[in-house]
Each structure stands twice: as structure tokens, then as C-alpha cells.
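In: Quick check, what structure comes out for this input:
(one chain, ligands or ions: 1)
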Amino acid sequence: MKRVLTGIKPTGYAHLGNYFGAIKPAIELSKDENYECFYFIADYHALTTLKTKDEMKEYFYNIACTWLACGLDPNRVIFYRQSDIKEVFEINWILCNVTPKGLMNRAHAYKAIVENNEQNNFDRDANVNMGLYNYPILMASDILSFGADLVPVGLDQKQHIEIARDIAMAFNKKYQEVFNIPDCYIQENNNTLVGLDGRKMSKSYNNTIQLFTDEKELKKKINKIVTDSKLPGEPKDVNCTINKLYKLFVDENRAKDFEQKLKDGLSWGEAKNMLFEVANNYIKPMREKFLYFMNNKNLVDEILKQGAIKAQKYAREYLKNVRKAIGVEN
Ligand code: TRP
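Out: The predicted structure follows:
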């Protein structure tokens, strides 16, 4: 049985890109008997981004309730909050001591900030705190503390998994073979989802559609999707954003029907109405569950507490072996 582990940072409201790119495939994987899944909310990784404690609370529950509403079954998946597993942070410190500083200098997120600072003639480390700088080590700790085999992530996170592998190998070489070497798991047909403006759907482009926004807001957002100025009756390009999004919510036959209508000159207004209908029908049952969990946060807390108890058993075992390997425990 393969052990799968992945985390999502609570740095914003879950959007359609998160759902189709990460959450849905992860939940499908958890239904497969061949995998044992650890999914968590990476709240301490969010600290590099969040500005206030209210943001932390807001986004934390948004992401937690999203996972549950989308069908995560806490009996099948070990579902927990990163900050509940203190062992991870002790392992983090130990791993800092086998991580070359140069490896962190090469991390994409840090490098991008440095390059930007240099271009602007700022100090190269302006706006870099140690949380950001050490981010990849904490991520390695998340993964290595549970002996994960596979880590499902988007392409943008690939380097982080490579860093985790390097750190694990450095520890194993210096002391003994304590850590399992994880593999990155990038889903093949995981085409990046397009946002309102046709670019990749991403919080940083401000072009997202929130997964559990209410119906009115969903409709408003869909109406904002950028189209060309083709008139009703004129054939439409099936490579348009509306078609790409429509496909996500329907089976192949309905997708083909819709494409034909676009080719036959469906108006953009009609196309947007049709997209709203299928999206809303798809999301509605999950939205109801989401609201249920949002209104019963104590239930969510309890689920995560139980998940933390289960997760901790694994991390504790790893920590013990690590402490023995470095000579602080017999
Ligand atoms: N850095 C990841 C992201 O931004 C989130 C994350 C934190 C993660 N720890 C992890 C993902 C461990 C996979 C495994 O999306």
C-alpha cells in the first residue's frame, strides 16, 4: 500500500482551480484501496502570506469545510491540521541542520523575490523573513514525518518535493536510513484551469471563481468571463474560456452538444447562462454540505482533532527514530 500525503495552505477561499486541480483528484485517490491518504491543512505555511489572525481563522475553516464538503471521508483519510502535530516542528529543526543554505537560496519562491529586489535596487533580502526562507524545510518535514511515498501537487510545487528528497537523503547519509524518499505525483491530464481572463486561474491574478460562493455571486462571476466580440449567430471559437469551464461540469455527450451550439452561433449571453446552470447544479449539493460544516465548526474541530491523534502516532514513531539516530534518545 502506498502512502499519499498532501497539504493545502489556507491563504484564501477555495476556488474552482483548487477543486478541479487538487481537491477532486485527491479525493478520488482516497477511494482507491491501494492508497493510504494523509491530507492536511498547512496552516503554518500560510503564515508567510496571512496578515491577521482573523484571516487565519476565516481561511482555515473555509479550506477545512471545503475538503469535507467535497467528499473527504475522515474514516478513510487521516485529515488534520498541520499545527496540531508538534512532532513535525521538532523534526523541522533537526532537518535544518542537514540542509545546506545554498539549497534554500535556489528555491524558486525565494529566488523570485531576490530577483525582483535586485531589479528595483532594494536590498536583495528585503521583505524576506525566515519563515519564507525556510518554507521548503517545513514542507520536507510535513512529508518526511509520515514516511509519504507519493505527494500529489501541482507543477509549481515540484521543486519543493525535490528539495524534500535531497534533505531526506542528506539525513540518511549523515546518520542512518530513517527517512523514506518521497516521489512527486503530478496528475497527467491536469491541465491548468483557466480563470475569468483566460489566464491560469490563480489568486495572484485575481481571476478566480470561488467554489462555494452563493448563486448570485457565481452568476456575476460567470458573466465577467472575458469573450471576444462575436455577435449572436456567428460561430464561436471552441477554445474559449466558457467552453473549457463548461466541460468540467458535464459528461462527454453534453460537452459535445455544447460545442456544437457554440459552432452554430450560440450567443455569449446564452453560453454564460448555460455555464451557470451546469456549474450551479454541480456545486449545489456540495455547497449545502459546506454551509452545514461552516455552521457546525465544533464538528470540524472534532474531526480534525481525531485526525491529529491518528497522524501523531506516525509522526511520533518517526521522531523517536530521528532522535535516536542523532543521539539525543537511547
Ligand atoms: N506548499 C504547498 C502549496 O503551496 C502546500 C504544502 C505544505 C504541501 N506542505 C505540504 C503540499 C506537503 C504537499 C506536501 O501548495
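In: who's sitting farthest from the centroid in this protein?
Out: Distance from the centre of the chain peaks at residue 233, with 40.4 Å (C-alpha atoms, centre = their mean).
In: if you skip the residues just before and after it, what's nearest to it?
Out: Nearest residue to residue 233 in three dimensions, chain neighbours excluded: residue 265, at 4.2 Å (C-beta to C-beta, 6 or more residues apart in numbering). Any C-beta I mention is one placed from the backbone N, CA and C, and that applies to glycine too.
In: For that neighbour, which residues are in contact?
Out: For residue 265, the contact set (C-beta atoms under 8 Å, 6 or more residues apart in numbering) comprises 232-236.
In: Let me have those in CSV, adding distance to residue 145 and pLDDT as columns.
Out: CSV is the format used below for the contacts of residue 265 (distance: C-beta to C-beta, whole Å; pLDDT from 0 to 100):
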residue, distance to residue 145, pLDDT
232, 58, 97
233, 60, 97
234, 57, 97
235, 55, 97
236, 50, 97
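In: Filter those residues down to the buried ones, ChimeraX style.
Out: Here is the ChimeraX command that selects the buried residues among these (16 or more other C-beta atoms under 10 Å):
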select :236
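In: quick check, nearest of the contacts of residue 265 to the ligand?
Out: The ligand has its nearest neighbour among those in residue 236, at 34.4 Å by C-beta to the nearest ligand atom.
In: need the contact list for that closest one.
Out: Contacts for residue 236 (C-beta under 8 Å, 6+ apart) come out as 230, 243, 262-263, 265-266, 268, 271.
In: try 10 Å this time
Out: Residues counted as contacts of residue 236 (C-beta atoms under 10 Å, 6 or more residues apart in numbering) are 227-228, 230, 242-243, 259, 261-268, 271.
In: out of those residues, which are inside strands?
Out: Judged by DSSP state E, the contacts of residue 236 include no members of strands.
In: Local confidence estimate at the residue nearest to residue 233?
Out: Residue 265 is assigned a predicted lDDT (pLDDT) of 97.
In: ok, the closest residue to residue 210 other than its chain neighbours to residue 322 distance?
Out: Closest residue to residue 210 apart from its sequence neighbours, by C-beta to C-beta, 6+ apart: residue 13 at 4.8 Å. Distance, residue 13 to residue 322, using C-beta to C-beta, to the nearest Å: 36 Å.
In: what does residue 291 give?
Out: Residue 291 is 42 Å from residue 322, by C-beta to C-beta.
In: who's more crowded, the two?
Out: Neighbours per residue, other C-beta atoms under 10 Å: of residue 291 and residue 322, the larger number sits with residue 322, 23 against 14.
In: Next up, phi/psi of the more buried one, please.
Out: Here the main-chain torsion angles of residue 322 (degrees, to the nearest 10) amount to phi -70, psi -50.
In: For it, give its distance to the ligand.
Out: Applying C-beta to the nearest ligand atom, to the nearest Å, the value for residue 322 to the ligand is 18 Å.
In: Same check on residue 274?
Out: Taking C-beta to the nearest ligand atom as the measure, residue 274 falls 32 Å from the ligand.
In: Test my guess that that residue contacts residue 266.
Out: Yes - with contact defined as C-beta atoms under 10 Å, residue 274 reaches residue 266; the gap is 7.9 Å.
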